[in-house]
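Asker: Provided below are the primary sequence and the corresponding predicted coordinates.
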Amino acid sequence: MITTKFIAIYFLSLSTILELINCDNNSNSNVVTFSPYKNKSVSNVTTIGLEPRPKRQSTNGTCSLTPMSTEGPYYLKDVLERRDITDGKPGIPLNLTINVMDSVNSCKGLPGLRVDIWHCDALGVYSGVGSLSGRGGRRSGFRSTITTSISPVDRFLRGYQISDSIGQVNFQTIVPGWYPGRPIHIHFEIYLSSGKLLHVGQLYFDELLSTSLETIKPYSDNQSKRVPNNVDRIFSTTSGHKTIITLTGEMTSGMNSQCGIGLDLRATVPIQLVGGFNGGGGGRGFGRRG
């Protein structure tokens, strides 16, 4: 059987742990090796079992403050608290663990924070959104609108969790697809228990993976033009290279990623990061807008 493996350096030292936790792939010790899985379909992508969480690692030491990014236009407030957010959507399974840490207090894990994530499906569709417009048609190059039949009450590939006693949450999802004008990414937001918005960010994927997805179903059915990371304005202006996640595992059985977010509990999210195209609302907490 042909498989595709991501090979990453495992937890051999404290410095390696902290590199992995901080989502920073600039160091040569944190290189991901990828072999294209060309012209093959993923057969077991419709369901994701709830596997045990990865072994928890100590995060004592030093870590950097994770850069913020724009919220984008497709945030929705009324989502479920849940671990499995797939709702049966097909795609490469992704077991995503996020550690939230106090970057100014020895990377101490932060319990009791709400972590929201959301992203599009393999075809570039967000739940609760009726259409997306932009540079569609990878082959045509013309501006187009992707019209969907998604119900406004659907919430697939959206959810939140409350960080546990060591500041960790875990989501079962899929590797996202893409939509016109953006690279592959996952949105996330972190809130204090009071409801104050503490951090807005985006997680990105290695360009080798992104390119090879175009040959793998169901991603190969996506006709939108994908923008590479280094061409994307948001990626370039918000230090997106620092939030490229490291993946391990096999594409036929599922990928894993453990990533950490360094926070400053005194921070205020800039209002320009959370307006999207639906209006402002920075810092107003869980119910700030629909």
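Answerer: Received it, and whenever you're ready, just let me know what you need.
Asker: Show the pLDDT at Lys77.
Answerer: We have a pLDDT of 86 for Lys77.
Asker: One more: Thr46?
Answerer: 29.
Asker: Isn't Asp121 up against Arg158?
Answerer: No. In this structure, Asp121 is not within contact of Arg158 by CB atoms under 8 Å, at 11.0 Å. Using the backbone N, CA and C atoms, a C-beta is placed for each residue, glycine as well.
Asker: what ranges do the helices span in the protein?
Answerer: 14-21, 207-213, 233-237 (DSSP state H).
Asker: intersection of neighbour lists for Asp121 and Arg158?
Answerer: Ser127 (CB atoms under 8 Å, 6 or more residues apart in numbering).
Asker: mean pLDDT lowest for which of the helices of the chain?
Answerer: Among those, helix 14-21 scores lowest, with a mean of 33.
Asker: Where does pLDDT dip in this protein?
Answerer: 1-62, 130-152, 275-290 (pLDDT under 70).
Asker: again, 80 this time
Answerer: For the chain, applying pLDDT under 80 flags the ranges 1-62, 129-153, 252, 275-290.
Asker: Please, where are all the strands along it?
Answerer: Assigned by DSSP state E, the chain shows strands spanning 5-7, 33-34, 93-102, 108-109, 114-118, 131-135, 143-147, 158-162, 168-174, 185-191, 197-204, 248-250, 254-263.
Asker: Adding mean neighbour count and distance to Tyr74, write those out as TSV.
Answerer: Below are the strands of the chain laid out as TSV (neighbours: other CB atoms under 10 Å; distance: least, CB to CB, whole Å):
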stretch	mean neighbour count	distance to Tyr74
strand 5-7	16	28
strand 33-34	14	28
strand 93-102	23	18
strand 108-109	18	29
strand 114-118	23	7
strand 131-135	16	9
strand 143-147	14	13
strand 158-162	20	9
strand 168-174	23	15
strand 185-191	24	8
strand 197-204	23	12
strand 248-250	17	27
strand 254-263	23	20
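Asker: if we compare the ones you listed, which one ends up closest to Asn230?
Answerer: The closest of those to Asn230 is strand 197-204. By CB to CB, the value is 10.6 Å.
Asker: how many other residues sit next to Pro111?
Answerer: Neighbourhood size, Pro111 [other CB atoms under 10 Å]: 14.
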